[in-house]
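Enquirer: sequence first, predicted model second:
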Amino acid sequence: MKKRIAIFASGSGSNAQKLMEYFRYHDQAEIALVLSNNPEAYVLQRADNFEVPTHIFDRHEFFHTDEIVQLLGKLNIDLIVLAGFLWLVPQNLLQKYPNKIINIHPALLPAYGGKGMYGDRVHQAVLDAGEAESGISIHFVNENFDEGEVIYQARFRIEPEDSLEVIKFKGQQLEHQHYPKVVENLLKKM
Ligand code: GAR
């Protein structure tokens, strides 16, 4: 039986795209569902292109019902992968999937994490601080933003002339390169 992955994403979904590419013909795991809180998110188009089913939900459904827990249970989801998903994960999901929900963050946690730290804001803060390096963190998800145990980090150098766009690009390259493999390794241990 293949392990089944659900991806939660709120935006463009370039990481979701890499995951769908990596697991498309994989013999041990598959992307079974893409979920989004944002009906306009481009990730939904990407999922359609891969013929991966999608589910759109709102705040009420996510935070005040068990509908998503039930849906994931019905689809026999083994691992939840957040890829640019901007809401905190509620207790009912955390309890149902202990150490089975992971996130990717575009900085070297515990630095530059926490509420409001996502996307360009993270890179801008790194740039403003004059850091000589940044990187990516893949971590287990708990009830706080960006605080669960770190599973994997990768780093890159920041050159003095690097703009926000350059830093973002370097981070994205690392995310795309490593996220699918880290997911694969985690699934092997499950
Ligand atoms: C990624 O860089 C991810 O690390 C970041 O959102 C981006 C989503 O890009 N996540 C956070 O900042 C979470 N705090 P994508 O939609 O192209 O995959």
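Expert: All right, it came through fine.
Enquirer: all contacts plus neighbour counts: C-alpha atoms, from now on.
Expert: Fine.
Enquirer: buried ones in the helix or strand that contains Asn15, by neighbour count?
Expert: Using DSSP states H and E, Asn15 sits in helix 14-23. Residues Ser14, Asn15, Ala16, Gln17, Lys18, Leu19, Met20, Tyr22, Phe23 are the ones in helix 14-23 that count as buried (16 or more other Cα atoms under 10 Å).
Enquirer: show me what it is packed against.
Expert: Applying 3 or more Cα pairs under 8 Å, 6 or more residues apart in numbering; DSSP states H and E, one finds that helix 14-23 contacts strand 29-36, helix 42-49, helix 164-188.
Enquirer: next, the buried residues of the second one.
Expert: I take that to be helix 42-49. Tyr42, Val43, Leu44, Arg46, Ala47.
Enquirer: over to the last one?
Expert: Within helix 164-188, the residues that qualify as buried are 164, 167-168, 170-172, 174-176, 178-180, 183-184, 187, counting by 16+ other Cα under 10 Å.
Enquirer: mind checking if the helix holding Asn15 is in reach of the ligand?
Expert: Yes: Helix 14-23 is in contact with the ligand by Cα under 6 Å from any ligand atom, via Ser14, Asn15, Ala16.
Enquirer: contacts for that helix?
Expert: 7, 9, 29-31, 43, 46-47, 50, 83-84, 175-176, 179-180 (Cα atoms under 8 Å, 6 or more residues apart in numbering).
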